[in-house]
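Engineer: Sequence first, then the predicted structure:
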Amino acid sequence: MKHTKVLAWSLALCCAVVGAQTTAPAMAPATGAQVLGPNQVVVAGTVPDEATRVQVVSRLRELYGADRVVDQLTLGAVVAPPQWSQNLQKVLSPSLKQVSRGQLSVQGNTIDLKGEVANEAVRQQMASDMAASLNPTYTVRNGLRVAAQEQSLVDQTLGNRIVEFEAGSAVLRPAGTGILDEMALALSKLKGKKVEVIGHTDAQGGRVANVALSLARAQAVKTYLVSKGLVADAIGTTGLGPDRPVASNATEEGRARNRRIEFRVEP
């Protein structure tokens, strides 16, 4: 599955909770219930009233299209800073469309912006423009990074194919090794770039076991790639279990799509 086709944006919104310390809402649920289609924008968190919820969702649909926005906002006992809704509209600007794999967290007066952009100038300008549009009580933390140009080569090589394993194990199937033979050739062209191998599972079974299995599969992929001549230190591994589904776990077809390996080139 092409990494660039998974999730365009996830946004977490929360005002200040009265008499309590605010913690960030999860970007995606750990249960695997979240179903993400190509390039969807997921907005989750807590807002103080229905008017704010409608305002946020309407703004995102205006930017990205109604069919791409997944509304998971809830109403809660939170208090917004002065003119919070108006400032939020400034944050949700068209410039966000320059970011891929984006994550935007807005908690009261603190804004965390993450994701990938085309170059360093865009990375600096976006955060600067956002901060300049808000009053001084807001803090914008710039977590943007410049996307690796080599990612497109890796995505094109993997295409929409799934690296297959034996059921419930980290043993590669012959079809999986065939794909990895092609990936080894593509990764050998990255000229010193590091790559992260990311394992995913479906939502069947316990989450802890699935996370462990996804990591074991990522490590099995790394072992195979190293056996093909790639440098071990240039390959990292991560296991995310069922936390980032790209299809429904209610069907076998969807579960098969969720059991996947992704390759992410580090900038």
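Structural biologist: All right, it came through fine.

Engineer: residue contacts, A212?
Structural biologist: 239, 241 (CB atoms under 8 Å, 6 or more residues apart in numbering). No exception for glycine: its C-beta is placed from N, CA and C like everyone else's.

Engineer: Neighbours of N160, how many?
Structural biologist: N160 has 9 neighbours, counted by other CB atoms under 10 Å.

Engineer: From I111, how far out is it?
Structural biologist: Going from N160 to I111 by CB to CB, to the nearest Å gives 35 Å.

Engineer: Please give the element, helix or strand, for the nearest residue to S133 once chain neighbours are set aside.
Structural biologist: Spatial nearest neighbour of S133, excluding adjacent residues (CB to CB, 6 or more residues apart in numbering): K90 at 4.4 Å. Assigned by DSSP states H and E, K90 falls within helix 84-91.

Engineer: any idea which helix or strand comes after that helix?
Structural biologist: strand 100-107.

Engineer: Quick check: which helices or strands does that next one pack against?
Structural biologist: Applying 3 or more CB pairs under 8 Å, 6 or more residues apart in numbering; DSSP states H and E, one finds that strand 100-107 contacts strand 7-14, helix 84-91, strand 110-117.

Engineer: repeat that with 7 Å
Structural biologist: strand 7-14, strand 110-117 (3 or more CB pairs under 7 Å, 6 or more residues apart in numbering; DSSP states H and E).

Engineer: Select from those strands the stretch with the lowest mean pLDDT.
Structural biologist: Note on the helices and strands packed on strand 100-107: lowest mean pLDDT is at strand 7-14, with a mean of 54.

Engineer: Outline the domain layout of this protein.
Structural biologist: Per automatic domain parsing, the structural domains of the chain span 3-146, 151-265.

Engineer: Strands along the chain, start to end?
Structural biologist: Under the criterion DSSP state E, strands of the chain are mapped to 7-14, 16-17, 40-47, 69-75, 78-79, 100-107, 110-117, 139-146, 195-199, 235-239, 261-265.

Engineer: what's the least confident stretch among those?
Structural biologist: With a mean of 36, strand 16-17 has the lowest mean pLDDT of the strands of the chain.

Engineer: Which positions are bridged to the residue nearest to V171 when sequence neighbours are not counted in the beta structure?
Structural biologist: Leaving aside its chain neighbours, V171 sits nearest to F165 (6.0 Å; criterion: CB to CB, 6+ apart). According to DSSP bridges, the residues that bridge with F165 are L172.

Engineer: ok, back up a step: and the domains of the chain, which one averages the lowest pLDDT?
Structural biologist: Looking at the domains of the chain, the bottom one is domain 3-146 with a mean of 74.

Engineer: quick one: D67 from Q40, how far?
Structural biologist: 9 Å.

Engineer: go on, S248?
Structural biologist: 13 Å.

Engineer: Where is the longest helix in this protein?
Structural biologist: helix 207-227 (DSSP state H).
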